[in-house]
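Asker: structural data only, the sequence is not supplied:
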């Protein structure tokens, strides 16, 4: 279900894993009420530190994306508004596609576009951290 | 997080050479803690002191509260801690099956399930003598003997050295599952990729001194390469804020390696009228190279 995170990327493994789970929820690959693998199972299958899995599950629980039912396991939360969230993601995806189309017309290649996106996001990170 | 290992100013000298120069080491419980350093930095000496195989010149060290410098305590340490030495030394005249049976007899917590699954997964020939095994096979036997002991603390000195990528992934998977069961693993390695993959705590040693001791996430979140372009050449000495580990300059381009305090550094660089400021994360390999070089 999940891909092995890339440890060499500058992004911490817990962030990569968290984004994978959120993405799966957003696109509906994981629907509300679905049970996630246990900590040990997920750590073994992705060969990541079990403490990383614990941290990801804990943070996603705090953020309301997952629900921990004690003794039973971890489940995708049946969140109100998750439908509109999913809609927003679909709208966003269309916007991104449109933008990519325009950028291609300007003869930008994929790596140039990626750098632009990353630079912008990075810039925002700096602004937000201040 | 409580610590399983705690040393205070631990030192080891050989004649005029100071191999370990007063380290304060902490291995958090339930962590996978990686011990990084160049050859000769003092890793194996430290691990051997912890196991009571060599005596510290000064300072103290405790594992589970037991004193590593005391003869009596270090026997108990060796009972409780599964240790794989760098040389992976084994009884040459035994077969794989014999050495497994022999080792098992010492440990009441031995895990038969792991013994069987590891013999299988590692593809170890039970009836072959140790002396006839390849280097990789020997390493696997040594690891099996440590993993199956059922210890709650393992110290592994370069556990994956000489193994192929498939076997390395298997070893990491076993480490991960032991920690999921509540164990703590402290291992040294030159394989940055595997450290980055499974470790949640990092200790770097350089020339006998600890130069970095932090959680993997904080290292990844805080180390940044900041690149700035100025309209005129600038002086390296203008970059002296806390957290700046290294400064490189090439005409109008300045690269800063920052270990913390990134926001203030970026702010200062902007205030110096940089025409552009970029920030990128650093890989653990880059962090390692910068850390051991910068001293």
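Answerer: Everything's here; your move. Only a predicted model underlies this, so the values are computations on that prediction, with no experimental measurement involved.
Asker: count of residues packed around residue 121?
Answerer: No chain in the question, so chain A it is. By other C-beta atoms under 10 Å in any protein chain shown, the residues close to residue A:121 number 9. Heads up, the C-betas are built off the backbone N, CA and C, glycines and all.
Asker: hmm, no, I was thinking of chain B.
Answerer: Around residue B:121 there are 16 residues (other C-beta under 10 Å).
Asker: could you list the domains of chain A?
Answerer: Per automatic domain parsing, the domain ranges recorded for chain A read A:13-76, A:82-129.
Asker: mean pLDDT for those: which is lowest?
Answerer: When the domains of chain A are compared on mean pLDDT, domain A:82-129 scores lowest, with a mean of 78.
Asker: closest to residue B:165 out of the domains of chain A?
Answerer: domain A:13-76 (11.9 Å; C-beta to C-beta).
Asker: that closest one: end-to-end distance?
Answerer: Terminal residues of domain A:13-76 lie 20 Å apart, using C-alpha to C-alpha, to the nearest Å.
Asker: cool, and stretch A:100-120?
Answerer: Span of stretch A:100-120 from end to end, C-alpha to C-alpha: 15 Å.
Asker: what do you get for stretch B:127-140?
Answerer: Termini of stretch B:127-140 sit 15 Å apart (C-alpha to C-alpha).
Asker: residue B:21 in helix, strand or coil?
Answerer: Following DSSP: H, G, I helix; E, B strand; the rest coil, the label given to residue B:21 is strand.
Asker: how about it: what's its closest non-neighbour residue?
Answerer: Closest residue to residue B:21 apart from its sequence neighbours, by C-beta to C-beta, 6 or more residues apart in numbering or on different chains: residue B:208 at 3.9 Å.
Asker: where's that neighbour relative to chain A, distance?
Answerer: 28 Å (C-beta to the nearest C-beta, to the nearest Å).
Asker: what of residue B:133?
Answerer: From residue B:133 over to chain A (counting by C-beta to the nearest C-beta), the distance is 26 Å.
Asker: what is the burial count for the residue lying closest to that residue once chain neighbours are set aside?
Answerer: Among residues not flanking residue B:133 along the chain, residue B:141 sits closest, at 6.9 Å (C-beta to C-beta, 6+ apart). The number of residues packed near residue B:141 is 24, by other C-beta under 10 Å.
Asker: can you name the residues that contact residue B:141?
Answerer: Contact analysis of residue B:141 by C-beta atoms under 8 Å, 6 or more residues apart in numbering or on different chains lists B:88, B:90, B:96, B:99, B:124, B:130, B:133.
Asker: between those, which is closest to chain A?
Answerer: residue B:124 (20.8 Å; C-beta to the nearest C-beta).
Asker: for the residue nearest to the closest one when sequence neighbours are not counted, give me phi and psi.
Answerer: Spatially, and ignoring its direct neighbours in sequence, residue B:124 is nearest to residue B:96 (5.2 Å; C-beta to C-beta, 6+ apart). Note on residue B:96: backbone dihedrals following degrees, to the nearest 10 are phi -60, psi -50.
Asker: run a quick neighbour tally on the residue in chain A that chain B sits nearest to.
Answerer: Nearest residue of chain A to chain B: residue A:10, at 2.5 Å (C-beta to the nearest C-beta). Neighbourhood size, residue A:10 [other C-beta under 10 Å]: 17.
Asker: show me what contacts it?
Answerer: Residue A:10 neighbours (C-beta under 8 Å, 6+ apart): B:220, B:280-283.
Asker: only the buried subset of those residues, as a PyMOL command please.
Answerer: Selection of buried members from the contacts of residue A:10 for PyMOL, criterion 16 or more other C-beta atoms under 10 Å in any protein chain shown:
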select buried, chain B and resi 220+281+282+283
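Asker: give me the subset of the contacts of residue A:10 that also touch chain A.
Answerer: B:220, B:280-283 (C-beta under 8 Å from any C-beta of the partner chain).
Asker: which two in those residues are spaced the farthest apart?
Answerer: Largest pairwise distance in these, by C-beta to C-beta, is 12.4 Å, between B:220 and B:280.
Asker: can you confirm residue B:8 is in a strand?
Answerer: Yes. Counting by three-state DSSP, residue B:8 falls inside a strand.
Asker: roughly how far does it sit from chain A?
Answerer: 26 Å.
Asker: give me the neighbour count for that residue.
Answerer: Count around residue B:8 with other C-beta under 10 Å applied: 12.
Asker: go ahead and confirm it touches residue B:67.
Answerer: No. Residue B:8 lies out of contact with residue B:67 (C-beta atoms under 8 Å); the separation is 11.3 Å.
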